[in-house]
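J.: Let's see this in three dimensions:
(2 chains)
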Amino acid sequence: MYRLGIDLGSSYTKGVVVDENNRMAAFHCVKSGYNFNNAATKIINHFADNHEIEYPVYTCGYGREQISAPFVANSELIALSKAVYEIYKRSCSIIDIGGQDTKFIQVNASGQVDKFKMNRKCAAGTGSFLEEIAFRLDVTPAEFTELSNQATGEVKINSFCTVFAISEIIGMIKNGAILPNIILGIYNSIILRSMELALVEDFLVITGGIPAMHPTMVSLFKNKYPDSDSPEHSQFLAAYGCVLLNPMLQHGVDPVR
Amino acid sequence: MNDNPTPAKSELVRLQSANDLRLTMDGYFARLKDAAETRNKKIAWCTSVGPAELLYSMGFEVYFPENHGAMLGAGKNADKYIPTAVAHGYSPDICSYLTSDIGAFLQNETPLQKSGFSAVPSPDILVFNTNQCREVEDWFSFYGRHFKVPVVGIHTPLCISDLNPEIIKSVSDQYHRIIPELEKVSGQKFDIDRFRETVGLSHDGCVLWKQVLQKAKNIPSPINFFDSAIHMGPIVVMRGTQHAIDYYKILLKELEERIENNISAVPVEKHRIYWEGMPLWYRLSNLAKLFSKLDTSIVASTYCNSWVFDDLDSSNPFESSALAYSKLFIVRTDTVKEAVLEGLLREFTIQGIIYHESKTCARNSNNRFGLQNRLFKTTGIPYLEINGDLNDPRCYSEEQSIIAIETFIDQISGR
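T.: Coordinates of the predicted model:
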């Protein structure tokens, strides 16, 4: 039997199956689209072929209660903290960059959340900022990484607003700035925005879909914070944490919802 | 013994006094409407923590534009009106009470039309106190120009540390200085005995309001922030009158009965929270249900405590008014505010603080100069900051805030 955690985020829905030893066994990610239940069903169907799934499934994220399968909803920040603590077993700060949210979480030595903060109602510093710029520049995330490796220097992006950042970038291109340097500037702009959330005074763990898709960003974080790490499959950790938060059910017990 | 069936978690436990509240507020608006229609009494517009006692003592009916602003917000109409004010040159970044109120006025609309008013009652004079913010003067000046009536006010120093005799004298002198204009407009001579009497009534109303709020020290609390934000109506618009006193006696009695019968403001009270900042008027009910579902009672708030002017003293009406209206939280330094908050956190057995950073109300957003971090260091009480606005729903991200609030309650539960 496997337990399934699903993180129904604003941009992507991430699923992870967890074995009886609390280890992540398989991963799957789909676009959330406008119907969270469809996204969750795709995740469940994907795993159903090769894994016997135990119900309820464990959910978090914006669509945590929007699914038809029996579920137990969780707070994604608490779930993410649980998963990170399971991996590192120490106090740490987490910076998680997702599609619409950037989060700072301070986890104490017992694995509990001491403090957390989320971004303001603003796309700057989130995945949406990067996606919008990539769309406007007609560059894929993979190309972002490749181009950023060719950077010879950094161009500073001053604008907080996604729309005005684009105008600023267009102006830079007009003035001869090269794309690799601009991309480095975009990455650093997101990192600086996330650093505004709170002071990082502990071992830093970098998680979320954006760092997972943009390894250069993780390297830039590590340059700023040498005492840091970004675990594998970091975009699946909130889903994993949902399962860890809920001890294995005894067979025959009714799902909570 | 509590014989009441246990309500569902997300259900609101309504106060029976709400009926009396409605009658009390209806009476206030009926008096105002009568004055507006017959002009048999002069109408003064007053800021919410302005010199209401002076105005009532001189025979004015008193109208409070901030109360009107809150009505626009609670009616979920502010975003319909704000763009009109913005188009007239008022920034969307300034007070959204102001922009929604002026916008509604420019569109010839008011929720008072539902109560039979043709429009907001025209002022004969507008009277402000800048103790809460400087924007009220600009707000009132708009109407002063429109109606061609005088605008007078009291300029209270900001960020007061010590309430020294110079400050009290300055504010008290300004009370004296506006009297000739009030006499001219009202056609009545100032009467010190009537002023003493009104100050005395205001004091008694404030003491009762304080007692109402302090009932929330009980565990479980019989009243929460969402109740108080509604039931504060009389102390805002009728302090200095017998009407407020009569109403709070009724409410207080109900709260005492609730305590006796172990009835709490939320069906299950597991967590006790302090609310720092303005209400989100357009989401008051949604938030009340959310906290109720999370077994959480917001038992104290800066906002509702802002109308406790128990320093008012009928034997010394001018100086005590100056003291009471310069002592309030909003006009003090962060050091004073921290001490006040520390006391309230202790007295109300608070487990967590929620700071609402209101985009258009800097003076009521106390997490902008590091107070939240300092208070956390001294008290160890965890806090959450949410971004929103008192009236402009466009500044609020509801889903994100719900996630943050749920996480915060999980955090407090030690999950």
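J.: drop to CA atoms for contacts and neighbour counts, all remaining ones
T.: Noted.
J.: is the helix or strand hosting A:Ile186 anywhere near chain B?
T.: Here A:Ile186, judged by DSSP states H and E, is contained in helix A:179-195. No - judged by C-alpha under 8 Å from any C-alpha of the partner chain, helix A:179-195 makes no contact with chain B; its nearest approach is 15.8 Å.
J.: Show me what that helix is packed against.
T.: Here helix A:179-195 touches strand A:102-107, helix A:141-148, helix A:215-224, going by 3 or more C-alpha pairs under 8 Å, 6 or more residues apart in numbering or on different chains; DSSP states H and E.
J.: Out of these, name the one with the poorest average pLDDT.
T.: The minimum mean pLDDT among the helices and strands packed on helix A:179-195 belongs to helix A:141-148 (a mean of 89).
J.: List the buried residues of that helix.
T.: A:141, A:144-145, A:147-148 (16 or more other C-alpha atoms under 10 Å in any protein chain shown).
J.: so who does the nearest residue to A:His214 once chain neighbours are set aside touch?
T.: Nearest residue to A:His214, sequence neighbours excluded (C-alpha to C-alpha, 6 or more residues apart in numbering or on different chains): A:Thr145, at 6.1 Å. Neighbouring residues of A:Thr145 by C-alpha atoms under 8 Å, 6 or more residues apart in numbering or on different chains: A:214-216.
J.: Which residues of chain B lie near chain A?
T.: B:382-385, B:387, B:395-397, B:399-400, B:403-404, B:406-407, B:410-411, B:414-415.
J.: Can you tell me which of these end up in strands?
T.: Applying DSSP state E to the residues of chain B next to chain A, the entries found in strands are B:383-385, B:387.
J.: for the residues you listed, which one is nearest chain A?
T.: Closest approach to chain A among these (C-alpha to the nearest C-alpha): B:Asn387, at 6.4 Å.
J.: related to what we said a few turns ago, okay, the buried residues of helix A:141-148 in JSON lines with distance to A:Tyr2 next?
T.: As requested, those are exported to JSON lines (distance: C-alpha to C-alpha, whole Å):
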{"residue": "A:Pro141", "distance to A:Tyr2": "32"}
{"residue": "A:Phe144", "distance to A:Tyr2": "36"}
{"residue": "A:Thr145", "distance to A:Tyr2": "35"}
{"residue": "A:Leu147", "distance to A:Tyr2": "40"}
{"residue": "A:Ser148", "distance to A:Tyr2": "40"}
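J.: And A:Ser189, how far from chain B?
T.: Separation of A:Ser189 from chain B (C-alpha to the nearest C-alpha, to the nearest Å): 22 Å.
J.: Correct me if wrong: that residue contacts A:Ile157.
T.: Yes - here A:Ser189 reaches A:Ile157: they are 6.2 Å apart, a contact under C-alpha atoms under 8 Å.
J.: What lies in contact with stretch A:196-204?
T.: Residues outside stretch A:196-204 that contact it (C-alpha under 8 Å, 6+ apart) are A:91-95, A:103-104, A:117-119, A:225, A:227-229.
J.: Just the buried subset of those residues, written out for ChimeraX, thanks.
T.: Applied in ChimeraX, the following selects the buried portion of these according to 16+ other C-alpha under 10 Å:
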select /A:91,92,93,94,95,103,104,117,118,119,225,228,229
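J.: ok, and which of the contacts of stretch A:196-204 reach chain B?
T.: A:117-118.
J.: biggest separation within the contacts of stretch A:196-204, which pair?
T.: Largest separation among the contacts of stretch A:196-204 by C-alpha to C-alpha: A:Asn119 and A:Asp227, giving 23.3 Å.
J.: Return the closest of the ones in strands among the residues of chain B next to chain A with respect to B:Lys33.
T.: Nearest to B:Lys33 among these, with distances taken as C-alpha to C-alpha, is B:Asn387, at 37.1 Å.
J.: Would you map the helices across the stretch 251-400 of chain B?
T.: Secondary structure of the stretch 251-400 of chain B, counting by DSSP state H, counting those that start in this stretch: helices at B:284-293, B:302-305, B:317-327, B:334-347, B:371-379, B:398-413.
J.: Could you look over the ones you listed and pick the most buried one?
T.: Burial of the helices of the stretch 251-400 of chain B is given as mean neighbour count (mean count of other C-alpha atoms under 10 Å in any protein chain shown); helix B:317-327 ranks first at a mean of 24.
J.: And the average pLDDT for it is what?
T.: Mean pLDDT, helix B:317-327: 98.
J.: For that helix, list the C-alpha coordinates in PDB.
T.: The C-alpha coordinates for helix B:317-327 follow below in PDB (Å, rounded to 0.1, in the frame of the first residue of the first chain):
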ATOM      1  CA  PRO B 317     -14.000  68.900  30.700                       C
ATOM      2  CA  PHE B 318     -11.500  70.700  28.500                       C
ATOM      3  CA  GLU B 319      -8.200  69.300  29.900                       C
ATOM      4  CA  SER B 320      -9.700  65.800  30.300                       C
ATOM      5  CA  SER B 321     -10.900  65.900  26.700                       C
ATOM      6  CA  ALA B 322      -7.400  67.000  25.600                       C
ATOM      7  CA  LEU B 323      -5.900  64.100  27.600                       C
ATOM      8  CA  ALA B 324      -8.400  61.400  26.500                       C
ATOM      9  CA  TYR B 325      -8.100  62.300  22.800                       C
ATOM     10  CA  SER B 326      -4.300  62.600  22.800                       C
ATOM     11  CA  LYS B 327      -3.800  59.500  24.800                       C
END
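J.: Show me what it is packed against.
T.: Using 3+ C-alpha pairs under 8 Å, 6+ apart as the contact test, the elements touching helix B:317-327 are helix B:165-186, helix B:192-214.
J.: out of these, nearest to A:Glu76?
T.: Once the helices and strands packed on helix B:317-327 are compared by C-alpha to C-alpha, helix B:192-214 is nearest, at 34.9 Å.
J.: List of residues touching the closest one?
T.: Contact with helix B:192-214 is made by B:53-54, B:56-58, B:223, B:228, B:232, B:235, B:239-242, B:244-245, B:248-249, B:251-252, B:255, B:300, B:304-305, B:307-317, B:321, as judged by C-alpha under 8 Å, 6+ apart.
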